[in-house]
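**Student:** Next come a sequence and a model predicted from it.
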Amino acid sequence: MTLQRKYGNDQVDAVIVGAGAAGGVLAQQLSEAGMRVVVLEAGPFRDPQRDFASDELAMRSLGWEETRLVDGADPLKMGHNNSGRGVGGGTTHFTGVFLRFHESDFRTRSLDGVGEDWPIGYSDLEPYYSRVEKAIAVSGPKFFPWGNYHGPYPYPEREPLSPNAYLFMNGCEKLGIRTSVPPLAILSAPFEGRPPCINRGFCNEGCMPNAKFSTLIVHIPKAIRAGAEVLADCTVTRVLMGKDGKACGVEFIHDGQLYEQQARIVILSAFAVETPRLLLNSANSQFPDGLANSSGWVGKAIMPHSSHDVYAKFDQEVRLYKGTPVLATTQDFYETDPAHPFVRGYTLHAHGTRPVGFAGGISLSEQGPVWGQRLKETLLDFNHYGRITMVGEVLPSEHNRITLSDETDRHGVPRAKVSFSYGDNDRKLIQHAVGMMSSILRAAGGAVEYVVPDTAHLTGGCRMGNNSDTSVTNSYGQTHDIPNLFVCDASLFVTSGGGNPTNTVMAIASRTADYIQERASRREL
């Protein structure tokens, strides 16, 4: 079937590749500013009421399921746990945790002698954090103890909390660790026709009632009303370049047919794997090493978060499926502590799960494979397990990277190869966090049984910076080499921070949208 297109024969003001956390923000702001915008998304355009289900297995389709090759000493698990596929991207199935970065996250080289400093600081993003939080009615505590911002949030904190959250708070209190309900992109009261959360607990499978934010239900509809065209099931394979050395559009495939979209500005918001992959695959005679890659840093310094889980069994029922996944947190271990054998830090969450996720996790625990009769018996006691998850900072290394493999996908595009290994500091941080999670669970009365290694929230690969020799873009995501080609997603991150990144991704996107709008209005792009 031929793709129906609004701007098929036109050169639009901007084409955005990817309709996730960043792409949605960009689409809304640029289209509402009067720019003609086309958004291309590789996955489908879903209707939450029709296409989401309270079904762990079926909703794995919300993640990127196409093959990615992995290697390194600690090969990453790809897919649902760190990326999305479809309009809304990963926001359709994230937990809704909406933390801000701390000032120290932007200055790790200056403060701790590791990583690199960002070309921006907390103050540069502060107004955009506030703008984004207000636009989606983030719920949060009256006072948040850590970082630069302590509240109040647009909407009050969620209540009641889950049994797992109360258990976590109880264990922390006994150890003198501060806790809080986290800021969440989940409604605690009605907002813009959307209902408050009723604690169904299936945030990771897509929120059918629309109580949880996603760009699918918030930014993209507003962008469309402002005139943007959103084309789903359209896989971009190449950025097109003009003879003048500027980007002039993109090439994409829909239903087996090849199309082009001409644009004055090209913005890649396709995730920390697909954005570097696109830049590398778009190499030409003028840019033989890939677009925007004169520095050689495209694809380098990818950073997941370390995300180990610790499970403990309790005499009383906990029922991990109750409530939205994360309803209690601590950042008492977020900043560098001279008493620790590592620098930087981590966040701990009381983190719920559902039976399939629980089974899959413990089957790969550090205590050895759990299967057969033991797995069956453990699953029968599912209701008695509590869980804590870490979000640990991973330091950047140029050896952790995205490259193109010799194997191609169904469109003939080389598959991404994702190489990752933890460094010594990363391992010491994980060891400390696992020990702390275990202590909290024991203090709450549990018997620790399983430690499950995991990662989440992949960032980096096209980092921003002031020096074009060691970075891919400036602080607005504008590539150093091609002034009308932008990167705007988590691949811009210089360091990973020790907390969930979605708020920062969206704040950066809002700032970049302001910059593009201003420059375009002066015809400087």
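**Tutor:** Now that the structure is in, tell me what you want to look at.
**Student:** Let me know the outermost residue of the chain.
**Tutor:** Distance from the C-alpha centroid of the chain peaks at Gln373, with 36.4 Å (CA atoms, centre = their mean).
**Student:** show me the contacts for it.
**Tutor:** Listed by CB atoms under 8 Å, 6 or more residues apart in numbering, Gln373 has no contact partners. In short, each C-beta sits where N, CA and C put it, glycine included.
**Student:** in the helix or strand containing it, what's buried?
**Tutor:** According to DSSP states H and E, Gln373 maps onto helix 372-380. By 16 or more other CB atoms under 10 Å, the buried positions in helix 372-380 come out as Thr378.
**Student:** pull the CA atoms of it into CSV?
**Tutor:** Output of helix 372-380 as CSV, limited to C-alpha atoms (Å, rounded to 0.1, in the frame of the first residue of the first chain):
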residue,chain,number,x,y,z
GLY,A,372,13.0,-26.9,37.0
GLN,A,373,11.5,-27.8,40.3
ARG,A,374,13.3,-25.1,42.2
LEU,A,375,12.0,-22.4,39.9
LYS,A,376,8.5,-23.8,40.2
GLU,A,377,8.6,-23.8,44.0
THR,A,378,10.1,-20.3,44.1
LEU,A,379,7.3,-19.0,41.8
LEU,A,380,4.7,-20.5,44.1
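**Student:** ok, back up a step: quick check: the residue farthest from the centre of the chain vs Leu379, distance?
**Tutor:** According to CB to CB, to the nearest Å, Gln373 and Leu379 sit 11 Å apart.
**Student:** What of Asn148?
**Tutor:** According to CB to CB, Asn148 and Leu379 sit 43 Å apart.
**Student:** got any ranges where the stretch 101-250 of the chain has weak pLDDT?
**Tutor:** Along the stretch 101-250 of the chain, the model assigns pLDDT under 70 to no residue.
**Student:** who are the neighbours in contact with the spatially most central residue of the chain?
**Tutor:** What sits nearest the mean C-alpha location of the chain, by CA atoms, centre = their mean, is His457, with 4.7 Å. Residues counted as contacts of His457 (CB under 8 Å, 6+ apart) are Asn82, Pro304, His305, Ser307, Val391, Ala490, Ser496, Asn500, Pro501.
**Student:** The fifth one pairs with what?
**Tutor:** Under DSSP bridges, the beta-bridge partners of Val391 are Thr347.
**Student:** Let me know whether it touches Asn500 as I believe.
**Tutor:** Yes - using CB atoms under 8 Å, Val391 makes contact with Asn500 at a distance of 6.1 Å.
**Student:** Read off the pLDDT value for the residue farthest from the centre of the chain.
**Tutor:** Note on Gln373: pLDDT of 93.
**Student:** Tell me if I'm right that Gln28 and Gly227 touch.
**Tutor:** No - if you go by CB under 8 Å, Gln28 and Gly227 don't touch, sitting 11.0 Å apart.
**Student:** which of those two has more neighbours?
**Tutor:** Per other CB atoms under 10 Å, whichever of Gln28 and Gly227 has more neighbours is Gln28, with 26 against 14.
**Student:** which SS state does that one fall under?
**Tutor:** helix (DSSP: H, G, I helix; E, B strand; the rest coil).
**Student:** Common neighbours of Val391 and Asn500, please.
**Tutor:** Going by CB under 8 Å, 6+ apart, residues that sit against Val391 and also against Asn500 are Thr347, His457.
**Student:** Looking at the two, which is more packed in?
**Tutor:** When neighbours are counted by other CB under 10 Å, Val391 and Asn500 differ, and Val391 comes out ahead with 29 against 26.
**Student:** name the helices or strands packed onto the helix or strand harbouring Ala263?
**Tutor:** Take DSSP H and E as the rule and Ala263 turns out to sit in strand 257-268. Contacts defined by 3 or more CB pairs under 8 Å, 6 or more residues apart in numbering; DSSP states H and E place strand 257-268 against strand 11-17, strand 37-40, strand 235-241, strand 247-254, helix 271-281, strand 485-487, helix 502-521.
**Student:** Adding mean neighbour count, write the ones you listed out as CSV.
**Tutor:** Converted to CSV, the helices and strands packed on strand 257-268 look like this (neighbours: other CB atoms under 10 Å):
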stretch, mean neighbour count
strand 11-17, 25
strand 37-40, 27
strand 235-241, 21
strand 247-254, 21
helix 271-281, 26
strand 485-487, 27
helix 502-521, 22
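**Student:** Out of these, the one nearest Asn199 is which?
**Tutor:** helix 502-521 (20.7 Å; CB to CB).
**Student:** Do me a favour and average the pLDDT over that closest one.
**Tutor:** On average, helix 502-521 scores 97.
**Student:** quick one, phi/psi of Leu184?
**Tutor:** Dihedral pair for Leu184: phi -130, psi 140, per degrees, to the nearest 10.
**Student:** My read is that it contacts Arg158, right?
**Tutor:** Yes - between Leu184 and Arg158 a contact is recorded at 6.1 Å, counting by CB under 8 Å.
**Student:** where do the contact lists of those two overlap?
**Tutor:** Joint contacts of Leu184 and Arg158 (CB under 8 Å, 6+ apart) are Ser139, Thr324.
**Student:** Neighbour count for the two, which is higher?
**Tutor:** More crowded of Leu184 and Arg158, by other CB under 10 Å: Leu184, with 28 against 25.
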